[in-house]
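S.K.: 3D model of this:
(one chain, ligands or ions: 1)
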Amino acid sequence: MALFPNTRLRRTRSQPWIRDLVRETHLTPHDLIWTIVVSDSADPIEPVEAMPGTVRMSVAEAAKAAKRARDLGIPAIAVFPHIDPSLKDNAGTEALNRDGLVMRAVKAMKDAAPEVGIICDVALDPFTDHGHDGVMEDGVILNDATVDLLVQQGLAQVEAGCDVLAPSDMMDGRIGAIRGALEESGHTDTLILSYAAKYASGFYGPYRSAIGSAKLQGDKKTYQMDPANTDEALREVAMDIEEGADMVMVKPGLPYLDIVTRVKEAFGVPTYAFQVSGEYAMIMAAAQNGWIDGERVMMETLTCFKRAGADGILTYFAPVAAEILGE
Ligand code: PBG
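M.R.: Sure, this is the predicted structure:
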């Protein structure tokens, strides 16, 4: 059966107009969630060495970023804190401080641009002196004691004006506990974006230096997932939806697109992928060496997330990509 020459797939690739017409996947600024790092250091802006083009910013700069997001059509910002090491302890107590860095940043951003959704990371690692996402006892990360703290942290973030709680800690049962506390306290419209399938990944390296998390004692393999597993990711997602998550996330991004596709196909819930710090750093490093066209690779990767089934992408590239998309 000779398809050729009746079928010539190159016909629909032959001109820009026909490529535009047959394109299956469309990326817009609305697909992007801008991940930013706020800092309580004296400088308004500090470059992050391992992530060229990104900065740690002051609360005032975060307010400007919120306006920039609004103007670029970026729907939401996810905020991560870099705090003074002197504020850290075993239980990450500073995470609960109602006047803490994240709470001040949330208020400033909501005042500056109320139209932009603010997503807060619910996790203790920026605040603990051992760099783990939970309370540590005899080298073990305690699940239930940590969940109690995460509930308090989440409520404090919501009271500061945060729209979406995004627990990134991977403790069991935290989504249900947080949802229950939100319902009980009357915060019935607060969204939960669960880091449902979060892997124990080497790709987080530059982030840990960006937020100045303490030198990690051991690793996170007793709570973050084994990169070799996929069925387990579906169980994690099923559990989090059952417990009250509105949206779920897969993290890291590009090496885990098969998980994004499986999750989207199995559950049909809003599904996001996090293009993490190491993915950003690899693209920027190769681009700076002239080995790849950084802008082209950036746009290609963002399109691939959508093609795989993601409803949106958390990315440090968000403002740069949105600017290109708006041209
Ligand atoms: C931890 C957390 C991490 C990131 C976001 N939240 C790192 C980790 O689990 O060690 C990584 C983000 C990135 O690499 O860009 N709560």
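S.K.: wait, doesn't residue 175 sit right on residue 168?
M.R.: No. In this structure, residue 175 sits apart from residue 168 without contact. The criterion is CB atoms under 8 Å, and the distance is 11.7 Å. Every C-beta, even on glycine, is put in place using the N, C-alpha and C of the backbone.
S.K.: have a look at these two and say which one is more surrounded.
M.R.: Under the neighbour definition other CB atoms under 10 Å, residue 175 and residue 168 were set side by side, and residue 175 has more, 26 against 22.
S.K.: host element of that one?
M.R.: helix 174-184 (DSSP states H and E).
S.K.: cool, residue 298 as well?
M.R.: For residue 298, the host element (DSSP H and E) is helix 294-308.
S.K.: that helix - contacts with which helices or strands?
M.R.: helix 257-267, strand 271-275, helix 277-288, strand 312-315, helix 318-326 (3 or more CB pairs under 8 Å, 6 or more residues apart in numbering; DSSP states H and E).
S.K.: let me see the contact set for the nearest residue to residue 112 once chain neighbours are set aside.
M.R.: Among residues not flanking residue 112 along the chain, residue 63 sits closest, at 3.8 Å (CB to CB, 6 or more residues apart in numbering). Residue 63 sits next to 108, 109, 111, 112, 113 when contact means CB atoms under 8 Å, 6 or more residues apart in numbering.
S.K.: check the secondary structure at residue 63 for me.
M.R.: Classification of residue 63 using DSSP: H, G, I helix; E, B strand; the rest coil returns helix.
S.K.: mind listing what's buried in stretch 188-198?
M.R.: 190, 191, 192, 193, 194, 195, 196, 197, 198 (16 or more other CB atoms under 10 Å).
S.K.: quick check: mean pLDDT of it?
M.R.: Computed over stretch 188-198, the mean pLDDT rounds to 98.
S.K.: closest residue of the stretch 1-150 of the chain to the ligand?
M.R.: With CB to the nearest ligand atom, the shortest gap between the stretch 1-150 of the chain and the ligand falls at residue 123, namely 3.4 Å.
S.K.: how about that residue, what does it touch?
M.R.: Residues counted as contacts of residue 123 (CB under 8 Å, 6+ apart) are 133, 150, 167, 168, 169.
S.K.: any idea which of the buried residues of stretch 188-198 is the one closest to residue 33?
M.R.: residue 193 (8.9 Å; CB to CB).
S.K.: can you tell me which residues in the stretch 1-150 of the chain are near the ligand?
M.R.: Counting by CB under 6 Å from any ligand atom, the residues of the stretch 1-150 of the chain close to the ligand are 121, 123, 125, 133.
S.K.: let's see 8 Å
M.R.: Along the stretch 1-150 of the chain, the residues adjacent to the ligand under the rule CB under 8 Å from any ligand atom are 35, 80, 121, 123, 124, 125, 126, 131, 133.
S.K.: now do stretch 212-232, average pLDDT.
M.R.: Stretch 212-232 shows a mean pLDDT of 93 in the predicted model.
S.K.: can you list the residues that contact it?
M.R.: Contacts with stretch 212-232, where a contact means CB under 8 Å, 6+ apart, come from 82-83, 85, 88, 125-126, 128-134, 136, 139-141, 169-171, 197-201, 208, 233, 236, 255, 258-259, 262.
S.K.: stretch 170-179: end-to-end distance?
M.R.: Stretch 170-179 stretches 15 Å from its first residue to its last (CA to CA, to the nearest Å).
S.K.: residues touching that stretch, excluding its own?
M.R.: Surrounding stretch 170-179, the residues in contact under the criterion CB under 8 Å, 6+ apart are 122, 133-134, 143-144, 146-148, 150-151, 154, 165, 167, 192, 194-195, 198, 220, 223-225, 239-240, 242-245.
S.K.: what subset of these is buried?
M.R.: With neighbours counted by 16+ other CB under 10 Å, those contain buried members at 122, 133-134, 143, 146-147, 150-151, 154, 165, 167, 192, 194-195, 198, 220, 223-225, 239-240, 243-245.
S.K.: next step: those residues restricted to helices.
M.R.: 143, 146, 147, 150, 151, 154, 239, 240, 243 (DSSP state H).
S.K.: closest to residue 15 out of the residues you listed?
M.R.: The closest of those to residue 15 turns out to be residue 240 (CB to CB; 45.5 Å).
S.K.: now residue 71: how far from residue 184?
M.R.: The gap separating residue 71 from residue 184 is 37 Å, by CB to CB, to the nearest Å.
S.K.: who's more crowded, these two?
M.R.: Comparing residue 71 with residue 184 by neighbour count (other CB under 10 Å), the higher total belongs to residue 71, at 13 against 10.
S.K.: endpoints of stretch 7-27, how far apart?
M.R.: 29 Å.
S.K.: repeat that for stretch 113-122.
M.R.: 22 Å.
S.K.: now what about it, what contacts it?
M.R.: Residues external to stretch 113-122 that are found in contact with it (CB under 8 Å, 6+ apart): 33, 63, 66-67, 69-70, 74-80, 102, 106, 109-110, 150, 153-154, 157, 161-169, 174, 178, 193.
S.K.: this completes my enquiry, with thanks.
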